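Student: Take a look and give me a structure for this.
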Amino acid sequence: MGHIRLGKIPTNKKWKDVVGLIALEVDADLASRKTLSDDIERIASKALNAAEAGLTIAVQDKGLRYTFYLLTQLVLATRQPDWEQRLARCGVHLPSDASLFDLTAGIQNSIDDYISRHGRATDISEMAQQAAGQAISILVEPRTRNAFWDRQGGH
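Tutor: Residues are numbered from 1 along each chain as shown. Reported below is the predicted structural model:
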């Protein structure tokens with residue numbers, strides 16, 4: 001199932017080494033009840049080494065970079081009294097009665113606009129954009145629910 005969402009699974013030698021190490025540990029666990037945590041540092045080191053090329057590519061992804069930039073601007077804007085205008089300068093336009101949905105949609109639209117002007121969406125930029133939307137929803141939603149609850153007299 002994961003292959004559908006993540007695409008092609010890497011099969012180069014470095015990743016095969018990581019999988020082989022984990023498989024050996026699982027086999028050893030069955031024989032001696034040894035846990036993977038005994039060699040977690042070695043497995044993590046090999047996994048990081050294998051992922052290095054992908055991480056180097058990810059850092060250069062324009063959509064990922066812009067999504068990160070936009071999140072920083074969102075945080076900085078919320079510290080200012082004119083936060084709506086500051087977000088508008090980043091392409092996030094909100095109605096006066098904006099909801100969490102409007103904020104999330106505005107940020108998603110800003111990212112989409114940027115990506116369409118500077119290339120095309122990649123798997124990395126799509127994951128970054130989805131993660132940003134989810135992070136905003138998770139962080140802001142409890143506050144909006146409490147504000148709604150308070151306005152309704154606790155009902």
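
Student: In terms of helices and strands, where is the residue nearest the centre of the chain?
Tutor: In the chain, the residue lying closest to the centroid (C-alpha atoms, centre = their mean) is residue 131, at 3.2 Å. Element membership of residue 131 [criterion: DSSP states H and E] is helix 123-151.

Student: can you give me the mean pLDDT across that helix?
Tutor: Helix 123-151 carries an average pLDDT of 77.

Student: again, but for stretch 14-26
Tutor: Rounded mean pLDDT across stretch 14-26 is 65.

Student: cool, stretch 79-93 as well?
Tutor: Mean predicted confidence for stretch 79-93 is 92.

Student: same check, this time on stretch 43-55
Tutor: Per-region confidence: stretch 43-55 scores 78 on mean pLDDT.

Student: May I see the buried residues of that stretch?
Tutor: 43, 46-47, 50 (16 or more other C-beta atoms under 10 Å). Any C-beta I mention is one placed from the backbone N, CA and C, and that applies to glycine too.

Student: Show residues contacting the helix or strand hosting residue 72.
Tutor: Applying DSSP H and E as the criterion places residue 72 in helix 62-77. Identification of contacts with helix 62-77 by C-beta atoms under 8 Å, 6 or more residues apart in numbering yields 58-59, 83, 86-87, 90, 92, 107, 110-111, 114-115, 118-119, 121-122, 124-126, 128-129, 131-132, 135-136.

Student: List only buried entries from those.
Tutor: Buried, going by 16+ other C-beta under 10 Å: 58, 86-87, 90, 92, 107, 110-111, 114-115, 122, 124-125, 128-129, 132, 136, out of those.

Student: could you redo the buried residues of stretch 43-55 as a markdown table and give each row distance to residue 96?
Tutor: Formatted as a markdown table, those follow (distance: C-beta to C-beta, whole Å):
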| residue | distance to residue 96 |
| --- | --- |
| 43 | 52 |
| 46 | 53 |
| 47 | 48 |
| 50 | 50 |
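
Student: can I see the domain layout of this protein?
Tutor: 8-59, 62-151 (automatic domain parsing).

Student: tell me the most buried of those?
Tutor: With neighbours taken as mean count of other C-beta atoms under 10 Å, those reach their highest mean count in domain 62-151, at a mean of 15.

Student: gap between that one and the chain center?
Tutor: 13 Å (C-alpha atoms, centre = their mean, to the nearest Å).

Student: How about stretch 48-57?
Tutor: Using C-alpha atoms, centre = their mean, the offset of stretch 48-57 from its chain centre is 17 Å.

Student: Cool, thanks, talk later.
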